[in-house]
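Peer 1: can you look at this prediction? I've put the sequence above it.
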Amino acid sequence: MTIESGFQRPPTPPGFDRSRAAERAADPAGWRFPDPAREAVHRVIGERRDIRRFRPDGVPADVLGRVLAAAHQAPSVGLMQPWRLIVIRSLETRIAVRGLAQRERLRQADRFDERARQFLDQKIEGIVEAPLGVCVCCDHGDPGVEVLGRGTIPETDVYSTACAIENLWLAARAEGLGVGWVSFYREADLRAVLGIPGEVDPIAYLCLGWPDERPDRPGLEAAGWSARMPLADVVMQERWRGAAPAPAAPARAPGPARAPGPDRAAAIAARDRLDRLVKPAGSLGALEPLIERWAQITGAPPPTRIRSGVLVCAGDHGHVAHGTSLFDATVTAQVAAAAARGETAVAVLARRGGHELIVADLGLAGPTPAGVRNLKVAAATADMTRGPALAPDELDAALARGAELARELAERGVDCLVLGEIGIGNTATTAALMGALTGAAPEVTVGRGTGLDAPGLERKRRVVAQALARHGTSLPAREALLALGGLELAALTGAAIEATRLRLPVLLDGYAATVAALAAVRLDAAAGEVLIAGHRSAEPGHGLALDELGLEPVLDLRLRLGEASGALIALGVIEAAAALHHGMATFEESGVARSAD
């Protein structure tokens with residue numbers, strides 16, 4: 001029932017997106033230009049030429065202004081706008097620049113061997129003929145200032161500057177101007193002529209003016225120097241042409257066929273509803289992409305009451321003999337037994353939420369306690385400092401049993417899979433596995449675990465360093481798991497991969513579960529599409545693992561309990577997000593009228 005209201009949805013302020021979800025859904029291609037305008041754009045692109053011969057007529061200030069403004073409209077990573085444009089009118093300066101080009105032309109001729117004479121016959125510049133020169137530079141800025149998007153690929157400022165050059169060139173062509181790119185000079189020489197400081201790089205010297213030639217095709221093609229390659233020669237599908245096939249996903253136990261990939265239609269439908277709710281756009285912050293991600297995985301937004309399948313895998317580790325934990329291996333079985341009896345944090349939270357809980361023994365050193373599922377592969381993993389932690393058949397068995405448990409929980413009708421673990425010493429195993437997968441050093445991957453003091457922390461780091469020195473770093477996932485992985489972690493890896501086939505969201509708990517999920521993604525990249533980070537633990541390496549997966553945690557409460565407890569606490573936030581998504585009214589439902597933008 002709609003509510004009569006005299007309120008209007010506030011108009012969209014200038015400079016913001018005025019489109020609405022409904023109109024975007026009704027006409028996905030509605031942003032396109034009319035046919036004549038699109039044809040003009042493609043014509044400008046197709047008829048852009050490198051001009052070498054220019055008329056002496058001057059370029060009016062308004063025309064030059066439009067061309068320079070087009071360059072300044074270029075896209076740039078992080079909106080860094082690194083381009084700087086030096087407009088050169090002085091004949092004296094242009095003569096000096098031409099001298100640089102003429103000298104370099106002769107120096108380079110010898111590189112073409114028998115084609116040297118043909119090269120010298122080419123007109124390579126119109127620096128003095130053109131009434132203007134424009135030197136497009138890249139100002140790298142202060143290296144101490146972080147720019148969005150440049151942290152991984154520092155060269156993005158140069159690439160952004162290249163976009164400004166292209167914008168300038170196309171705008172000039174539309175105005176009827178010609179542009180010639182001069183690439184024959186030494187950078188240091190051009191710096192000296194134009195006074196360019198050392199932290200700024202000259203990317204292109206462009207001649208600009210009215211052309212005294214109107215070529216139908218590139219000049220070097222007309223001269224027989226080269227030709228444009230067919231489009232099919234430069235476009236490849238999925239991988240580089242001739243590259244080895246992508247590594248095959250690991251063999252899995254029989255089960256249902258892999259589900260289709262991410263459900264983008266469902267994700268966009270969820271986003272569209274969020275856009276229509278009576279609230280400012282994006283005001284639910286990180287909850288909005290969380291709802292969209294859930295819909296992308298399952299085909300629908302999360303329900304307001306989520307019934308999860310909680311999988312807690314237990315195992316022991318041979319390296320605890322070196323003092324990597326405050327406790328010995330007997331404690332693992334005791335905690336697993338207490339969880340099965342309903343006495344630990346995971347049991348309390350699972351019972352409170354009505355979730356399905358399985359506590360499974362994948363590698364306890366002793367007998368399987370009562371109430372714990374006996375899926376033991378071996379009596380603990382081997383000492384990773386003395387050799388491989390797992391044999392190949394042990395790893396395969398652990399992966400398969402994790403997948404079986406995920407299928408079992410899915411068959412019980414759960415809405416998501418929550419992964420946790422119990423294992424004395426497994427934060428050292430996790431840190432070693434993290435180092436093997438990413439190359440990260442023990443100084444940043446090893447934390448205090450269950451509360452080690454300073455000498456204990458140093459001892460734990462030494463053990464992890466010894467293991468990595470023996471087995472290596474930046475290993476393929478299977479090799480890393482064989483060398484260092486615990487049986488319980490391998491089972492969680494198998495469960496995460498299987499959840500991908502089942503289109504079941506995987507809510508990760510702490511450090512160990514997250515690194516197991518990282519191994520799953522390295523084995524099968526599609527697994528990354530079903531992962532949701534429940535929380536960020538107190539372990540320093542956990543943040544590194546989340547960054548590696550590109551996941552932002554729902555909570556950050558400095559928890560370090562494990563057992564899937566943090567993930568189950570985060571589940572309440574996801575349910576709250578779902579309640580908002582399903583329960584809030586849209587502008588239409590509440591009777592709030594849209595204003596005319």
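Peer 2: Happy to help now that I have it. Values in this document were obtained by computation on a predicted structure and should not be read as measured data.

Peer 1: where are the low-confidence patches of the stretch 201-350 of the chain?
Peer 2: Residue ranges of the stretch 201-350 of the chain with pLDDT under 70: 219-220, 222-225, 246-260.

Peer 1: which parts of it are helices?
Peer 2: Assigned by DSSP state H, counting those that start in this stretch, the helices in the stretch 201-350 of the chain fall at 219-222, 231-234, 264-276, 287-298, 330-340, 345-353.

Peer 1: what is the third one packed up against?
Peer 2: Spelled out, that is helix 264-276. Contacts defined by 3 or more Cβ pairs under 8 Å, 6 or more residues apart in numbering; DSSP states H and E place helix 264-276 against helix 21-26, helix 287-298, helix 565-583. Yep, even glycine has a C-beta here, placed from its N, CA and C like the rest.

Peer 1: make CSV from the helices of the stretch 201-350 of the chain and add mean neighbour count to it.
Peer 2: Converted to CSV, those look like this (neighbours: other Cβ atoms under 10 Å):
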stretch, mean neighbour count
helix 219-222, 14
helix 231-234, 8
helix 264-276, 18
helix 287-298, 22
helix 330-340, 21
helix 345-353, 19
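
Peer 1: reformat those as a markdown table; add distance to residue 206.
Peer 2: Formatted as a markdown table, the helices of the stretch 201-350 of the chain follow (distance: least, Cβ to Cβ, whole Å):
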| stretch | distance to residue 206 |
| --- | --- |
| helix 219-222 | 16 |
| helix 231-234 | 25 |
| helix 264-276 | 41 |
| helix 287-298 | 42 |
| helix 330-340 | 69 |
| helix 345-353 | 65 |
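
Peer 1: between those helices, which one is nearest to residue 417?
Peer 2: Nearest to residue 417, of all the helices of the stretch 201-350 of the chain, is helix 287-298, at 10.8 Å by Cβ to Cβ.

Peer 1: contacts for the closest one?
Peer 2: 262-264, 266-267, 269-271, 274, 282, 301-302, 415, 503-505, 529-530, 532, 554, 573-574, 576-578, 580-581 (Cβ atoms under 8 Å, 6 or more residues apart in numbering).

Peer 1: could you list the low-confidence segments of the protein?
Peer 2: Residue ranges of the chain with pLDDT under 70: 1-10, 105-124, 149-151, 219-220, 222-225, 246-260, 450-451, 591-597.

Peer 1: what ranges do the strands span in it?
Peer 2: For the chain, the strands defined by DSSP state E occupy 8-9, 83-88, 132-139, 178-182, 200-209, 308-315, 356-363, 373-374, 416-422, 506-508, 531-533, 593-594.

Peer 1: distance to residue 97 and mean neighbour count for those - can I get that in CSV?
Peer 2: Output for the strands of the chain, formatted as CSV (distance: least, Cβ to Cβ, whole Å; neighbours: other Cβ atoms under 10 Å):
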stretch, distance to residue 97, mean neighbour count
strand 8-9, 57, 14
strand 83-88, 7, 18
strand 132-139, 7, 21
strand 178-182, 8, 23
strand 200-209, 6, 22
strand 308-315, 68, 31
strand 356-363, 71, 25
strand 373-374, 77, 16
strand 416-422, 63, 30
strand 506-508, 58, 31
strand 531-533, 55, 25
strand 593-594, 57, 12
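
Peer 1: residue 466 is nearest to which of the helices of the stretch 201-350 of the chain?
Peer 2: Closest of these to residue 466 is helix 330-340, at 22.3 Å (criterion: Cβ to Cβ).

Peer 1: with adjacent residues omitted, what lies nearest to residue 551?
Peer 2: Take residue 551 and drop its neighbours on the chain: the residue closest to it by Cβ to Cβ, 6 or more residues apart in numbering is residue 533, 3.9 Å away.

Peer 1: how about the helices and strands packed on helix 264-276, which one is nearest residue 221?
Peer 2: helix 21-26 (41.9 Å).

Peer 1: can I get that closest one in PDB? Just the C-alpha atoms.
Peer 2: Extracted in PDB, the C-alpha atoms of helix 21-26 (Å, rounded to 0.1, in the frame of the first residue of the first chain):
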ATOM      1  CA  ALA A  21      17.900   2.400 -12.300                       C
ATOM      2  CA  ALA A  22      14.500   1.800 -14.000                       C
ATOM      3  CA  GLU A  23      15.500   3.800 -17.100                       C
ATOM      4  CA  ARG A  24      18.900   2.100 -17.300                       C
ATOM      5  CA  ALA A  25      17.200  -1.300 -17.100                       C
ATOM      6  CA  ALA A  26      14.700  -0.400 -19.700                       C
END
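
Peer 1: now that helix: buried residues?
Peer 2: For helix 21-26, the neighbour count (16 or more other Cβ atoms under 10 Å) marks 21, 24 as buried.

Peer 1: contacts for that helix, please.
Peer 2: For helix 21-26, using Cβ under 8 Å, 6+ apart, the contacting residues are 30, 268, 271-273, 275-276.

Peer 1: closest one of those to residue 49?
Peer 2: Residue 49 lies nearest to residue 30 out of these, by Cβ to Cβ, at 33.5 Å.

Peer 1: quick one: contacts for that closest one?
Peer 2: Contacts were defined as Cβ under 8 Å, 6+ apart; by that measure residue 30 touches 19, 23-24.
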